[in-house]
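K.L.:
fold the following for me, if possible:
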Amino acid sequence: MKTVLITGANKSIGFETARQLLQQGYYVYLGSRDLNKGQEAVGQLRAEGFDQVEAIEIDVDSIESIQAARGILGGKINSLDVLVNNAGVAGSFPQTALETDVDVFRQVFETNFFGVISVTQAFIDLLRQSPEPRIVNVTSGLGSLTLHNDPAWKYYEAKPTAYVASKAALNAYTIVLAHNLRDTAFKVNAVDPGYTATDFNHHSGPGTVPDAAARVVKAAMLGSEGPTGQFFSDDNAPETGISPW
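P.N.:
Next up is the predicted model:
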């Protein structure tokens, strides 16, 4: 049975990703900053008939929490097949290049960028033990610098500076990570779940959580012939599914 760790999985897209991977037969370690909320989420999934799931306390802003989670998971399994770096924050709004306090940038980068790096580095040894390891970095269509420079793009006016910069940085990290692991069985990709109606955006997005999670699951389940180092986005590129960086 394949195993997956999903950060920020106690609600929304992370939670639905857990549900869909459970439906595919994966054993899910549901990462949550608040263990009680994680256990509540696990309880809901078990009430739906899914038994192969348990909560793992992990705060991606805390090295100590990440290391503790690595120790707990390492005591349960010898290998990890999939890591979904899903935890993220938007930061306070509005966000402009000249008026947003630098502390907002630091807060957003801590979770969306440095947190991903810290979690990936902490769990890479378990992932290396998998015959087909997968890393999925949940990004945003707003992380595309190419499209942000195109006045014809439908989201051209949406420029929350700290959030955009953090996701662009995450995309850059994904490219380099995939390159570093290019001669291995790893598949490392960034996935834009689309503009989805969640708490994250006060339910303003037109997309649904199940559809968003399905995009993440697709990348998590890539076969050996699947691509690596890609920026998947059905929203930005409905014809090809590959967004410009």
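K.L.:
and the closest residue to Lys2 other than its chain neighbours, how far is that from Asp150?
P.N.:
Nearest residue to Lys2 in three dimensions, chain neighbours excluded: Asp81, at 4.2 Å (Cβ to Cβ, 6 or more residues apart in numbering). Yep, even glycine has a C-beta here, placed from its N, CA and C like the rest. Distance of Asp81 to Asp150, given as Cβ to Cβ, to the nearest Å: 37 Å.
K.L.:
neighbour count winner among those two?
P.N.:
Asp81 (22 against 12; other Cβ atoms under 10 Å).
K.L.:
that one and Val176, how far apart?
P.N.:
Taken as Cβ to Cβ, the span from Asp81 to Val176 is 22 Å.
K.L.:
do Ile124 as well
P.N.:
Relative to Val176, and taking Cβ to Cβ, Ile124 is found at 14 Å.
K.L.:
check Phe231 too.
P.N.:
13 Å.
K.L.:
these two: which has the busier surroundings?
P.N.:
Phe231 (24 against 12).
K.L.:
next up, phi/psi of the more buried one, please.
P.N.:
phi -120, psi 90 (degrees, to the nearest 10).
K.L.:
quickly list what it is bridged to.
P.N.:
Ala190 (DSSP bridges).
K.L.:
pretty sure it is touching Ala219, no?
P.N.:
No. Phe231 lies out of contact with Ala219 (Cβ atoms under 8 Å); the separation is 10.6 Å.
K.L.:
the helices in the protein, which residues?
P.N.:
12-23, 35-47, 63-74, 102-109, 115-128, 145-148, 161-180, 209-220 (DSSP state H).
K.L.:
most tightly packed of those helices?
P.N.:
Stretch with highest mean neighbour count among the helices of the chain: helix 12-23 (a mean of 23; mean count of other Cβ atoms under 10 Å).
K.L.:
tell me the angle of that helix relative to helix 35-47?
P.N.:
Helix 12-23 and helix 35-47 are oriented at 40 degrees to each other (axes from the mean of the first three to the mean of the last three Cα atoms, to 10 degrees).
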